[in-house]
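# sharing a sequence plus its predicted fold:
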Amino acid sequence: MTFGFTPSTAASTTDPSAAAAIPDPAQSPTRLLEPAEWSTAEIPLLRNPREVVSGLHARHRPTPATAVVAVLDQEERVRASASFARRSSVADGWVFRNALLAQLRRVIPHDLRRRTPVRTAVLLYCRDGDGLWTPEDGAWMWGLRDACTLHGLRCGAYITLTREGWQVLGEGRAGRRPSAGSRPEDLAEVETPPPRMGGVASELLRRVAAR
């Protein structure tokens, strides 16, 4: 599998006249993040991206043109998630931002009163084509970053899910399963429950959390 931010082959054309044509503004992606901008945005790395991807895939079973936005806590557990189909025909970050923000407001309270965000939003987008960066991905990145700012969350990973598998764009981490065409795994097997502790360990954690 090829990694990186090379333009997707799904967006290329073999028609020489098409390359010279003037793009239609109504169909051109606007408000997007270029790969270099995303790479320098200090997006927090997922400790176990396959577990996150498999969990969201098992929960929502996305098909192409479906976005899954999830909010993770500090232990990388899913606190809320929602899936929805892309409805706009134009890849516009502002439109995607509004769609993501509407879903976040529906499933989890905002954290705007906190000085520093403690929860992180990640976005899994299932689409056709390969897993390489496209202008559509750039629009989703713009939308995710802006929605997180407006909801008081940290902007987390952007993940594509295609027939080839999944890929965390900007990190170079990827896997073949799950993919857009694979059967979802059992959610109970995918998500690891937090360790159970008691006695002195639990008391120490309680005191640290109370500070």
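Right, received. Where do you want to start?

# so which strand or helix has residue 136?
For residue 136, the host element (DSSP states H and E) is helix 135-151.

# which secondary element of the protein has the worst mean pLDDT?
helix 16-20 (a mean of 37; mean pLDDT, DSSP states H and E).

# ok, the one residue sitting closest to the centre of the chain - contacts?
Averaging the C-alpha coordinates of the chain gives a centre point, and the residue nearest to it by Cα atoms, centre = their mean is residue 123 (1.7 Å). With contact set as Cβ atoms under 8 Å, 6 or more residues apart in numbering, residue 123 has these partners: 67-70, 100, 140, 144, 156-159. Backbone N, C-alpha and C define where each C-beta goes, glycine included.

# can you tell me the closest non-neighbouring residue to residue 61?
The spatial neighbour of residue 61 that comes closest, neighbours along the chain excluded (Cβ to Cβ, 6 or more residues apart in numbering), is residue 184 at 5.3 Å.

# for the protein, which segments count as helices?
16-20, 35-39, 49-60, 93-107, 135-151, 187-190, 199-210 (DSSP state H).

# okay, those in CSV with mean neighbour count next?
What follows is the helices of the chain, written out as CSV (neighbours: other Cβ atoms under 10 Å):
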stretch, mean neighbour count
helix 16-20, 8
helix 35-39, 16
helix 49-60, 22
helix 93-107, 18
helix 135-151, 23
helix 187-190, 12
helix 199-210, 9
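
# closest one to residue 82 among those helices?
Comparison of the helices of the chain against residue 82 by Cβ to Cβ identifies helix 93-107 as nearest, at 4.2 Å.

# just give me how far the closest one sits from the chain centre.
Per Cα atoms, centre = their mean, to the nearest Å, the displacement of helix 93-107 from the mean C-alpha position of its chain is 13 Å.

# which residues does it contact?
Contacts of helix 93-107 (Cβ under 8 Å, 6+ apart): 29-33, 67, 69, 71, 80-82, 84, 86-88, 110, 121, 123, 138-144, 146-147, 150-151, 153.

# what of stretch 56-70?
With Cβ under 8 Å, 6+ apart, stretch 56-70 has contacts from 52, 78, 80-86, 96, 99-100, 103-104, 121-128, 140, 144, 161, 178, 180, 182, 184-187, 190.

# now for it, what's the gap between its first and last residues?
Using Cα to Cα, to the nearest Å, the end-to-end distance of stretch 56-70 comes to 8 Å.
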